[in-house]
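> heads up, no residue letters with this:
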């Protein structure tokens, strides 16, 4: 028989932005774990989602992807992929989290056979959190370096500079009739980044990390400290103020329109290339943060009837608009920089850290009041990064505390500190002279094909194993209406098919990691691939654990483990209506609907809807037990082999 997993009652309160509802449990409180809590207001959830999705990638990834993949024409596949993959999967994750009020591990009560998906998610988020905070540490380093009257990367002649260093002012001050050859030179900002900040000359490669850079180590410690106490009202809104200031300043610079024109000039011939469509899907995939568990975690602290349908469109479309706006701000300055240096825009714009820590800092030196604009830029990056890092940490902590509520919820602050210290210690390798090599390896593999496998499997389990009709009825119970044909078509066909094509393309077009001219050795590549495979292998490992915990034949074990647990559903008693009307641990009444009627004076449209479809759900469950003959025959053979081995 299927084991009954009891669900705990909710009671008083928890983290940072979260406060508990009033408790009415009386003497039962001493027998139940502390309540998870809820957002203090609806705006908290919305701003947290915006802060989580709008991050560093909006500033340095989207603009570069746009101008290298057709300029303005890139917006066509970008918004198509947003509609096919971004919005539907975003809404699915919010729905799962809000309906069950559980984190990325406990939410798999929906189908315990696939709990390994949650374990894979936590592994991915942990690896990403390690190197993401290192990027924030770099931002802090530059932020402190900007607190001066003369930026340290403004001129050559420092101890870290080489004979290849060439100041752009030398070019402007020189005789214009004698052009200067800058092809074999290095800018002061690039040498400051590589030779001073990273001190990469002290390492010969990934196998030779060298010494710890203690200034970076202290910045990493500070980033973990402030990242655990992010204030969402400030960190989610203030970057927009700075971005608008940088945009206004950028478009007023000489040559700004040269960069903007280069950024947006449509090159429609690029749309015939599959690479452009893949790049658009990747940008959507990573910028919205689907699959990382952050959205599900944030939604799990919502009230049961929060309008996440509206919030989905606000956040996803707002994220896209922010990316486009950041492109204008970045390329207006790069156009000015191109004008100053006398080189094409495509020779000054680079992706990733090169844009944030080399090109843009160099552009700041060309502006009046350069330390002020430099400080604003890096302060904007800091606030963008803190929200995402807060989401990563909350995802890990929430997932584990939901699994062990009696032990960890009362000590959530202490447990969070332990996690931060542990990840900080693992990130110390990134503060060494060869730390950039390890950061690139983590960036390339920690959230690559493993993340895609996790999201694809989640989509298939919810729609095929749990059932599309049942999932839509759950949403109906929360929101008062069912998702339309658009969402159902995307969930069933378009989203998983697109993500599967993306996964296959990445495998076929696999390229070894590299950093500049450095090529990673074979053992480092193998380590990276293993890192990505681990999150995938946790899925079958979780299936094996779930099957072994059940009883009966192998087929019966699979059936029992794939069904929702007895306590799956809304976590609050008054929200458990229709087919979810069951007795919860410590419940005063076996009929939560009656509790709701006593509290609110009648049956709401939500409860009425649940009662009407209850019979339909039972019939659907009976139909799901009817398997095709071929499936039954296969499991009969497996059962025979199972008993032979035992």
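Yep, that arrived. All values reported here derive from a predicted model rather than from experimental measurement.
> helices or strands next to the host helix or strand of residue 443 in the packing?
For residue 443, the host element (DSSP states H and E) is helix 435-445. Under the contact definition 3 or more CB pairs under 8 Å, 6 or more residues apart in numbering; DSSP states H and E, helix 435-445 sits against helix 116-145, strand 514-515, helix 522-549. All C-beta atoms are positioned from the backbone trio N, CA, C, and that covers glycine.
> just want the angle from the first one to helix 522-549.
Helix 116-145 runs at 140 degrees relative to helix 522-549, counting by axes from the mean of the first three to the mean of the last three CA atoms, to 10 degrees.
> what angle sits between helix 116-145 and helix 435-445?
140 degrees.
> OK, contacts around the nearest residue in space to residue 114 that is not next to it in sequence?
Once flanking residues are discounted, residue 114 sits nearest to residue 461: 5.0 Å by CB to CB, 6 or more residues apart in numbering. Counting by CB atoms under 8 Å, 6 or more residues apart in numbering, residue 461 touches 110-111, 114, 117.
> what about the following helix or strand past the helix holding residue 443, distance to the chain center?
Under the assignment DSSP H and E, the closest C-terminal helix or strand after helix 435-445 is helix 449-460. Remark: helix 449-460 is offset 13 Å from the chain centroid, using CA atoms, centre = their mean, to the nearest Å.
> just the angle between helix 449-460 and helix 522-549, please?
30 degrees.
> show me what helix 449-460 packs onto, helices and strands only.
Contact partners of helix 449-460 among helices and strands, from 3+ CB pairs under 8 Å, 6+ apart: helix 87-100, helix 116-145, helix 274-287, helix 495-508, helix 522-549.
> quick check: angle from it to helix 495-508?
Here the directions of helix 449-460 and helix 495-508 differ by 160 degrees (the same axes, to 10 degrees).
> contacts for helix 449-460 next, please.
Contacting residues not belonging to helix 449-460 are listed as 89, 92, 114, 117, 120-121, 124, 285, 290-292, 491, 495-496, 499-500, 502-503, 506-507, 531-536, 539 [CB under 8 Å, 6+ apart].
> if you set the cut-off to 7 Å instead, what comes out?
89, 114, 117, 120-121, 124, 290-291, 491, 495-496, 499-500, 502-503, 506-507, 532-533, 535-536, 539 (CB atoms under 7 Å, 6 or more residues apart in numbering).
> mind listing what's buried along it?
Across helix 449-460, burial judged by 16 or more other CB atoms under 10 Å covers 449-460.
> repeat for stretch 466-483
For stretch 466-483, by 16+ other CB under 10 Å, it's 466-467, 470-479, 482-483.
> these in helices, which ones?
Counted as lying in helices by DSSP state H, out of these, are 470-479.
> these into a markdown table, with extra columns for pLDDT and distance to residue 333?
Shown next, in a markdown table, are those (pLDDT from 0 to 100; distance: CB to CB, whole Å):
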| residue | pLDDT | distance to residue 333 |
| --- | --- | --- |
| 470 | 93 | 51 |
| 471 | 95 | 46 |
| 472 | 95 | 47 |
| 473 | 92 | 51 |
| 474 | 94 | 48 |
| 475 | 95 | 44 |
| 476 | 93 | 49 |
| 477 | 91 | 50 |
| 478 | 93 | 45 |
| 479 | 93 | 43 |
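> relative to residue 279, which of these is nearest.
Set against residue 279, the nearest of those by CB to CB is residue 471 (30.7 Å).
> the closest one and residue 477 touch, don't they?
No - using CB atoms under 7 Å, residue 471 makes no contact with residue 477, being 10.8 Å away.
> what about the strands in the stretch 501-646 of the chain?
Taking DSSP state E, counting those that start in this stretch, the strands of the stretch 501-646 of the chain run over residues 514-515, 518-519.
> after the helix or strand harbouring residue 225 comes which helix or strand?
Assigned by DSSP H and E, residue 225 falls within helix 214-227. Per DSSP H and E, the first helix or strand lying C-terminal to helix 214-227 is helix 232-235.
> now do that following helix: everything it contacts.
17, 44, 47-48, 51, 383, 386-387.
> so where's the stretch 251-400 of the chain uncertain?
349-353 (pLDDT under 70).
> again with the stretch 51-200 of the chain
Across the stretch 51-200 of the chain, the ranges flagged by pLDDT under 70 are 168-183.
> now do the SS call for the residue nearest the centre of the chain.
For the chain, residue 289 is the residue whose C-alpha lies nearest the centre (CA atoms, centre = their mean; 2.9 Å). Classification of residue 289 by DSSP: H, G, I helix; E, B strand; the rest coil places it in coil.
> that one is in contact with residue 53, isn't it?
Yes - contact criterion CB under 7 Å: residue 289 and residue 53 qualify, at 5.5 Å.
> so which of the contacts of helix 232-235 sit within helices?
For the contacts of helix 232-235, secondary structure assignment (DSSP H) places 44, 47-48, 51, 383, 386-387 in helices.
> which ones are touching the residue lying closest to residue 104 once chain neighbours are set aside?
Using CB to CB, 6+ apart and skipping residues adjacent in sequence, the residue nearest residue 104 is residue 293, 3.9 Å away. With contact set as CB under 7 Å, 6+ apart, residue 293 has these partners: 104, 121, 125, 395, 399.
> equivalent analysis for residue 403, please.
By CB under 7 Å, 6+ apart, residue 403 lies in contact with 105-106.
> in ChimeraX, select just the buried ones from the contacts of helix 449-460.
This is how ChimeraX selects the buried members of the contacts of helix 449-460, with burial counted by 16+ other CB under 10 Å:
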select :89,114,117,120,121,124,290,291,491,495,496,499,502,503,532,535,536,539
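> I'd like the mean pLDDT over stretch 223-235, please.
What stretch 223-235 shows for mean pLDDT is 75.
> how far is stretch 434-446 from where the chain is centred?
With CA atoms, centre = their mean, you get 17 Å for stretch 434-446.
> do stretch 264-278 as well
Computed by CA atoms, centre = their mean, the separation of stretch 264-278 from the middle of its chain amounts to 26 Å.
> tell me, how many residues neighbour residue 516?
10 (other CB atoms under 10 Å).
> highest mean neighbour count out of the helices and strands packed on helix 449-460?
Highest mean neighbour count of those: helix 87-100, a mean of 25 (counted as mean count of other CB atoms under 10 Å).
> now for it, which elements pack on it?
Helix 87-100 is packed against helix 294-299, helix 308-341, helix 468-479, with contacts defined by 3 or more CB pairs under 7 Å, 6 or more residues apart in numbering; DSSP states H and E.
> now tell me what touches that helix from outside.
Contacts for helix 87-100 (CB under 7 Å, 6+ apart): 107, 109, 288, 290, 295-297, 299-300, 302, 304, 306, 308-309, 312, 316, 455, 459, 462, 474-475, 478, 487, 490-491, 495, 568-571.
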